[in-house]
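Enquirer: only the shape, not the letters, is given here:
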């Protein structure tokens, strides 16, 4: 059974940066596409970024394109989300998920990102 654990969240000022990590255990992440999602208070969970199993293909929501970068290191069984130029509206709980790129089967517990001055 694959388990995912997110880390790296915290409090950051607008314009700042954070890097989130999604570590897999119990199984290798090699076979899965990984997505990052977020959910702000009172809002639906939304897709943020995704990466193919090989890392050769990535996609981003329009709201983060050019500011966030998703990457993976399969030797460490970990996927990263580098977040730059953070805005107030990026405040949310961030989740990573593993699946086939269309459907996501496994979810982590989430990590809080708060952007505030």
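Expert: Cool, the structure landed. Model, not experiment: these values are computed from the prediction. Numbering: from 1, shown residues only.
Enquirer: which residues belonging to the helix or strand of the chain with the lowest mean pLDDT are considered buried?
Expert: For the chain, the helix or strand with the lowest mean confidence is strand 104-107, at a mean of 94 (criterion: mean pLDDT, DSSP states H and E). Of all the residues in strand 104-107, those buried under the rule 16 or more other Cβ atoms under 10 Å are 104, 106, 107. C-beta coordinates here come from the backbone N, C-alpha and C atoms, glycine included.
Enquirer: the second one: what's it in contact with?
Expert: When you say that, I think you mean residue 106. Shown in contact with residue 106 (Cβ atoms under 8 Å, 6 or more residues apart in numbering): 2, 3, 4, 32, 97, 98, 99.
Enquirer: how far away is the third one from residue 26?
Expert: Going back to what we said before, that points to residue 4. 9 Å (Cβ to Cβ, to the nearest Å).
Enquirer: residue 24 pairs with what?
Expert: residue 4 (DSSP bridges).
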